[in-house]
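1. here you go, sequence then predicted model.
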Amino acid sequence: MMTCKRTRYSWRFTILAVLLLSFAVLALPGCASLDGMMAAVGLADKNGPATPDGMVMKGMDAFNEGEYSDALKIFEDLRDNYPFSQYSLLADLKAADCRYYLSDYADALGLYEEFESSHPTNEAIPYVLFQIGMCSYKQIGTVDRDTSDAVRAIQAFSRLLRFAPDSPYTSEAKARIKAGRNFLAQHEMYVAAFYVRSEEFTQAEGRLNFLLATYPESSQCPKAKGLLAAIQSGNPPQRTWQDWIPDLSLPDWHTFAGGLSVQGAGGTTSDGGP
């Protein structure tokens, strides 16, 4: 008899628990997932967000605090576990931003390019194009090394200007293009000076002519014209060839834009650095 009573009470408790759970779900129509149902009755995992809403809030909090590694993990979990949620595009974009601010430019570039390819008409595309340019721009080294990152950055920023000429990123993109072109002119000047040192004056003259024709707006033009005139007059510099070597580093883009800054997607801003 005692066993029957215990069984009857156990079933009653189970039915009551199910009714309470059902009532909570009906009372909270925003809980569209099992995680939301469990959270509604206090049964969610206390160690982390249980819904896309909670994950986005926690991820954005971490991102805005500069905790990019933590934010990245949350956005990647959101992408993996809720690929069809209303926050999936935001998670894709913020994962790329986290990689960028962690200086993982190669992976960030891949994520930005994937976003552009998958969502070519999304309203965030101007920002994405700007960030594609920045991923290459941030990897520009010195003029005595490979300059392909500068070329790629200029190409990306130019593509942004063609796609969205009046975007919030237009002014800074133009300034960084000018800085990048000046950098490439510095590279040509550096190579010309190297040829002068090696007394290969024909090659030096060729590089100087290329510099003047390709980068006529560059700050290197007056120096290039002077060196070219010295070579053509038959009086090239010898012991003082070092005076013709340009600065090796990328120019500060602010000198071409007056210290502009731009507002990025999700509330981020350009860091204003090289």
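-> On my side now, so go ahead.
2. CA only for contacts and neighbour counts going forward, please
-> Will do.
3. any chance you could map the helices in this structure?
-> 2-27, 34-40, 52-64, 68-81, 88-101, 105-118, 125-137, 148-163, 170-197, 201-214, 221-232 (DSSP state H).
4. of all the ones you listed, which one is nearest residue 254?
-> Closest approach to residue 254 among the helices of the chain (CA to CA): helix 170-197, 7.2 Å.
5. setting aside sequence neighbours, what's the nearest residue to residue 135?
-> Of all residues not flanking residue 135 in the chain, residue 105 sits nearest, at 5.2 Å (CA to CA, 6 or more residues apart in numbering).
6. and of the helices of the chain, who's closest to residue 246?
-> Of all the helices of the chain, helix 170-197 sits nearest to residue 246, with 5.9 Å by CA to CA.
7. helices or strands up against that closest one?
-> Helices and strands touching helix 170-197, by 3 or more CA pairs under 8 Å, 6 or more residues apart in numbering; DSSP states H and E, are helix 148-163, helix 201-214.
8. pick the most buried one from these.
-> helix 148-163 (a mean of 20; mean count of other CA atoms under 10 Å).
9. hmm, back to that, of all the helices and strands packed on helix 170-197, which one is nearest residue 124?
-> With CA to CA as the measure, helix 148-163 is the member of the helices and strands packed on helix 170-197 nearest residue 124 (11.9 Å).
10. for the closest one, name the packing helices and strands.
-> So helix 148-163, by 3+ CA pairs under 8 Å, 6+ apart, packs with helix 125-137, helix 170-197.
11. turn those helices into a markdown table, columns for mean pLDDT and distance to residue 236.
-> Output for the helices and strands packed on helix 148-163, formatted as a markdown table (pLDDT from 0 to 100; distance: least, CA to CA, whole Å):
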| stretch | mean pLDDT | distance to residue 236 |
| --- | --- | --- |
| helix 125-137 | 97 | 35 |
| helix 170-197 | 95 | 8 |
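12. this completes my enquiry, with thanks.
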